[in-house]
Structure formats: C-alpha cells, structure tokens
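Chemist: need coordinates for the following:
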Amino acid sequence: VQMNKQRYIIGADGGGSKTAMILAHEDGSEAARLTAGASNPTDLGIENSASFLTETASRLCAENNIAPEQVSAIFLGIAGGSHEGFRALTNRKLRALFPQAITEVSHDAVNIFYAAFPDEDGTAVICGTGCSCFVKKGNRLHRIGGYSIFDVSGNGYEIGKRAISHALACGDGRAEPDALYRLVREQTGEEMLDALPRLLLASKTEIARYAPLVFEAERQGSEAAAGILRENIARIAEYINCAGRRFFDAPFPTAIAGGIFRDTRAMELLLPMLTCACRVSVLTREPVFGAVEKARRLLTNG
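Modeler: A predicted model of the protein is given here:
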C-alpha cells in the first residue's frame, strides 16, 4: 500500500467516559478521528492508561494509512493527566512509537483553554463525570479542587449518586416519593432494592447518567433535586471564586466544559453564586479541537 508523505499532528481529549482523538494536518485541519474508551489514569492505572492512549494513536494512524514517522506533534489532554509519573511514561511510549514527533501530555483542562481562549490567561472548569478547575497564567497551570474521593461534589457522578441515594430512601420509607424518585425508578427499570446489586457494581460513568434526571426532577418541583443541584453547583462556584483571587480582582474569562452545563439550569444557578469579575461561558467547541491547537503550537514552541 502506498503511504502518502504529508506531515500530521494528533490531539486527544480523554476522560472518565471516553477519549476523542483527532489526526490533523499541520495547519490544524481535521484529517480523521477516533472515539475510544475511557483513559483517566486515576481509574485505569498509569500503565494501562499510557498503553491505551499510545495504542489508540497507533490505530488512528494505521486506519488512515499514515506512517508513525509522518506525525510531527502529539498533545494528549487527559483527565487525571497532572500525575508526573503518568506524563513521563506516556511521553516515553509515544516517542518510542512516533520517533519524529514532539510530544506533550497534560490535564484535559489544557484542551479547554486552547479551544476557548488560546492566547489569554483564564480559568477552565470541567464538570462531567468528575469536576476540576485550572487557572492558566502564562505557561503555568494552577489546580483547584477535583481531588477524587477527597473532593467529591460538583460532578455528574456525585449528582447521580445522590439521586440514587434519594430514591433508595424513598423506597424504604425514609423520604417521601417525589419526581426524582419516580424518574430514577423509571431509569433503573426495577424496584430500587432489586437494582441495588447492579448499581453497586456500576461504573462512575453509569452512575453519572442519572444526573440529568436531577435537573428534570427540579423542574417538576422536587425539593430534594433542588438541594442536590444547589450543593453541587456551589462547589463549582467555590472553585471559580477561588480562581478569581489569582487575578487580583481583575476580570478574567472562564470556560466551562462537561455534561453538567448542557442543561441551562446549571448556569442559572451558578451566576448568582459568583463573587469574582469573571466572564463565564460554556464551551461550544469540542475540547479535542483545543488539543489539536496545542499540538499545532508545539511545532513553534507555543
């Protein structure tokens, strides 16, 4: 098979649910893409995650008849990617496979910065299955929150978990059945106690699928749902307000990505809780395009 001789870059956005990876021309225009499974090293382990990402990049090239030597830059923005050992191992594996490529591995917040405001300092908040906040000042990232089991609220997993907990309490008589109970019960497809063994074995991603029900239940008048949303959105506000202190009260942009803010109610709840001078927007571009932009800038040391 005749290989073409063009040069390419790769950008990836990986999290607790899925990994999006794009093969692009050096000008950043998309050539091909691949959607694969979860790649968060916190969940998979460092070795498994590094191997999975390297193999996915290799498969993306192979499926599109691209030789590894044609790849000139790779940027992987991965949830849990702050871990130094993970970054070092993944870079080693990538360089072994892609000998001509400049490679960099970091947190998936970098994807948001480069998708939303690539040339500005600001704050990125991720609230999907998990939640975390990063402040970008120059080339430095400062992390705020999102420390796995030690900082659990503000994410789809926690909102979904609280919804299931409420439904179980309604099922055994501790709480009054309401809209949230009915929606959770409907999604489980069986009595709560019958569903319990399956729910206890469910992944974070599966539990997070119950989060949209909490927004719907609040609209239907569930006070329990309203309380769950207030507590979780307050955690996100806390992150952003803390980030504001790094900008010394000057205005700064904040981009929010992740499933929680697909529901406009999340922003309605968040804005009155903010005490800093930030311009908040929900990211409309796919974060993986930010990873491609960062990969493109690696070619010019940007």
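Chemist: can you show me the CA trace of stretch 286-293 as CSV?
Modeler: Taking Å, rounded to 0.1, in the frame of the first residue of the first chain, the C-alpha atoms of stretch 286-293 are listed here in CSV:
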residue,chain,number,x,y,z
GLU,A,286,-15.3,20.1,21.3
PRO,A,287,-12.4,20.2,23.7
VAL,A,288,-10.4,17.8,21.4
PHE,A,289,-10.0,20.8,19.0
GLY,A,290,-8.2,22.6,21.8
ALA,A,291,-5.8,19.6,22.0
VAL,A,292,-5.2,19.8,18.2
GLU,A,293,-4.5,23.6,18.6
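Chemist: now it, how far from the centre of its chain.
Modeler: Centroid displacement of stretch 286-293 relative to its chain, using CA atoms, centre = their mean, to the nearest Å, is 12 Å.
Chemist: which secondary structure state is assigned to the residue lying closest to Arg7 once chain neighbours are set aside?
Modeler: Leaving aside its sequence neighbours, Arg7 sits nearest to Ser72 (CB to CB, 6 or more residues apart in numbering; 4.8 Å). Glycine gets a C-beta too; all of them are placed from N, C-alpha and C. Assigned with DSSP: H, G, I helix; E, B strand; the rest coil, Ser72 falls in the strand class.
Chemist: what mean pLDDT does the helix or strand hosting Ala62 get?
Modeler: Under the criterion of DSSP states H and E, Ala62 resides in helix 46-63. Across helix 46-63, the average pLDDT comes to 97.
Chemist: begin at 13 from here
Modeler: Noted, 13 is the first residue going forward, which turns the last one into helix 58-75.
Chemist: so what does it touch, helix or strand wise?
Modeler: strand 20-26, strand 31-37, strand 42-48, helix 53-56, strand 83-90, helix 96-109 (3 or more CB pairs under 8 Å, 6 or more residues apart in numbering; DSSP states H and E).
Chemist: now do the buried residues in it.
Modeler: Ile58, Ser61, Ala62, Phe64, Leu65, Thr66, Thr68, Ala69, Ser70, Leu72, Cys73 (16 or more other CB atoms under 10 Å).
Chemist: report the angle between that helix and helix 96-109.
Modeler: For helix 58-75 against helix 96-109, the angle between stretch directions is 30 degrees (axes from the mean of the first three to the mean of the last three CA atoms, to 10 degrees).
Chemist: send the alpha carbons of helix 58-75 over as PDB?
Modeler: Output in PDB follows, covering the C-alpha atoms of helix 58-75 (Å, rounded to 0.1, in the frame of the first residue of the first chain):
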ATOM      1  CA  ILE A  58      -1.000   4.700  34.900                       C
ATOM      2  CA  GLU A  59       0.400   1.800  32.900                       C
ATOM      3  CA  ASN A  60      -3.000   0.800  31.400                       C
ATOM      4  CA  SER A  61      -3.900   4.400  30.500                       C
ATOM      5  CA  ALA A  62      -0.500   5.100  28.900                       C
ATOM      6  CA  SER A  63      -0.700   1.900  26.900                       C
ATOM      7  CA  PHE A  64      -4.300   2.500  25.800                       C
ATOM      8  CA  LEU A  65      -3.500   6.100  24.600                       C
ATOM      9  CA  THR A  66      -0.400   5.000  22.700                       C
ATOM     10  CA  GLU A  67      -2.300   2.100  21.100                       C
ATOM     11  CA  THR A  68      -5.200   4.400  20.200                       C
ATOM     12  CA  ALA A  69      -2.900   6.900  18.500                       C
ATOM     13  CA  SER A  70      -1.200   4.000  16.600                       C
ATOM     14  CA  ARG A  71      -4.600   2.600  15.500                       C
ATOM     15  CA  LEU A  72      -5.700   6.100  14.300                       C
ATOM     16  CA  CYS A  73      -2.700   6.300  12.100                       C
ATOM     17  CA  ALA A  74      -2.900   2.700  10.800                       C
ATOM     18  CA  GLU A  75      -6.600   3.000   9.900                       C
END
